[in-house]
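Colleague: I would like to see how this sequence folds:
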Amino acid sequence: MKNEIKSKAAIELTERILPFWLKGSIDKENGGIFTCADEKGELYGREKSVWFQGRALWTFSKAYTLIKKDPQYLDAAKSLYEFLGKCSDTDGRMYFTVTEDGRGIQKRRYYFSETFAAIGCAEYYRASGDSRALIDARRYFDIAYDCFTGARPVAPKFNPETVSSKALSPVMIMLSTVQTMRAVDVENRERYAKIASDCLDEILHGGFLTEKALLESVSKEGKALDTPTGRIVNPGHSMEAAWFVMLEGILTDNKEAIEAGKRIIDITYPLGWDKKHGGIIAFTDVAGKPPVQLEWDMKLWWPQCETMIAARLAYLLFKEEKYLQMYEEIKAYCEQYFVDHENGEWYGYLHYDNTVSTTLKGNIFKGPFHVPRYYMIMAAMDESGSIEPYAK
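Modeller: Numbering: from 1, shown residues only. As a prediction, this is how the structure comes out:
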């Protein structure tokens, strides 16, 4: 790859997406990033999402190494890295939200704060060469993996005596996390490769992937659950999992994984695409029954990003026109409804009819991650015709 990528996607990233966050969200006093940003990027809240300390650390570090060696990106990453160390409780587990100076507000059973901290530190190590960051990446990963395997107990979401189920999201996030760790932490590559293989096997053969959908939740034994929760499909998760799976297939020369990713796209798109108004909906019921999530027909920013990545990657791999059409269809939809051409960045939440639900550009869950990751992957594909420069 060149020292700087100058494709349309890279220009959008460097001129309209990352500057939105750099102009007022980096905390100059305490370090870290605020993500409660309104339409113009002005802050409306000062509590900090710990997810986004790690996610934004990954984003600015990755943009620095992959897209453009802009000192602003590295400076922002350094601020995020130094602040991240304040975000853990005395037991080593990370908070979910903290005050602007890093004092804990909320702590959840989920360990995604740790997975995002791991990939953020790993990419910061690659960008900066700071050996402390690699040590921290390993530490955060080990905590997350211990929670994932049960070696470190985590409170169950449902009473295991009455509900025996397992979820897709921890497995797919772990797969993506180890893909980053494997690329950066060379000394432990074999360990990460084994974990990635196990996660891939669970996604493809653990009961989640059926003839009709990639399910969000199945029984511990891998059987479909005929309940409102068991029938739910999250099209954004499914499309994200599809390209994680295809990427793993590319990196390990696993043709089954590449074909499985294609299959996930093929069964998910008809479930997720709103044929009347356009866009990928938030949730659906695989049996066509009423979804329990009241926001089921809303259009959120990140499922659009993940679907475009999956479709573009499928087109590169299979050269089937339907995937290019899928990509172009959603891209045009996002340009019309999600992209704020005046103020930069994307709106996050649209009603079913594509009217803007809220003008905020960031909150505890939305910040510089899914959108910039989409543009970075598109830029890598534009430059090389492959996703591999992004993944290595």
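Colleague: can you give me the end-to-end distance of stretch 108-116?
Modeller: 15 Å (C-alpha to C-alpha, to the nearest Å).
Colleague: helices or strands up against the helix or strand Arg132 falls within?
Modeller: Element membership for Arg132 (DSSP states H and E) is helix 131-149. Judged by 3 or more C-beta pairs under 8 Å, 6 or more residues apart in numbering; DSSP states H and E, helix 131-149 is in contact with helix 71-84, helix 112-128, helix 169-184. Quick note: C-beta positions are derived from backbone N, CA and C, even for glycine.
Colleague: could these go into a markdown table alongside mean neighbour count, distance to Tyr352 and mean pLDDT?
Modeller: A markdown table is the format used below for these (neighbours: other C-beta atoms under 10 Å; distance: least, C-beta to C-beta, whole Å; pLDDT from 0 to 100):
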| stretch | mean neighbour count | distance to Tyr352 | mean pLDDT |
| --- | --- | --- | --- |
| helix 71-84 | 21 | 35 | 98 |
| helix 112-128 | 26 | 28 | 98 |
| helix 169-184 | 22 | 24 | 98 |
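Colleague: any chance you could map the helices in the protein?
Modeller: 8-12, 18-22, 50-66, 71-84, 112-128, 131-149, 169-184, 189-205, 235-252, 255-272, 301-318, 321-337, 370-384, 388-391 (DSSP state H).
Colleague: what's the last one in contact with?
Modeller: I take that to be helix 388-391. Helix 388-391 is contacted from outside by Met1, Leu66, Gln179, Ala183, Leu247, Ile250, Leu251, Met376, Ile377, Ala380, Met381, Glu383, using C-beta atoms under 8 Å, 6 or more residues apart in numbering.
Colleague: any chance of the helices of the chain in CSV, plus distance to Phe96?
Modeller: Formatted as CSV, the helices of the chain follow (distance: least, C-beta to C-beta, whole Å):
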stretch, distance to Phe96
helix 8-12, 30
helix 18-22, 20
helix 50-66, 6
helix 71-84, 14
helix 112-128, 6
helix 131-149, 14
helix 169-184, 15
helix 189-205, 23
helix 235-252, 19
helix 255-272, 28
helix 301-318, 18
helix 321-337, 28
helix 370-384, 18
helix 388-391, 28
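Colleague: nearest to Leu214, of those helices?
Modeller: In terms of C-beta to C-beta, the element of these nearest to Leu214 is helix 235-252, at 4.2 Å.
Colleague: show me what the closest one is packed up against.
Modeller: helix 169-184, helix 189-205, helix 255-272, helix 301-318, helix 388-391.
Colleague: in TSV: these, plus distance to Ile33.
Modeller: Shown next, in TSV, are the helices and strands packed on helix 235-252 (distance: least, C-beta to C-beta, whole Å):
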stretch	distance to Ile33
helix 169-184	19
helix 189-205	27
helix 255-272	30
helix 301-318	18
helix 388-391	22
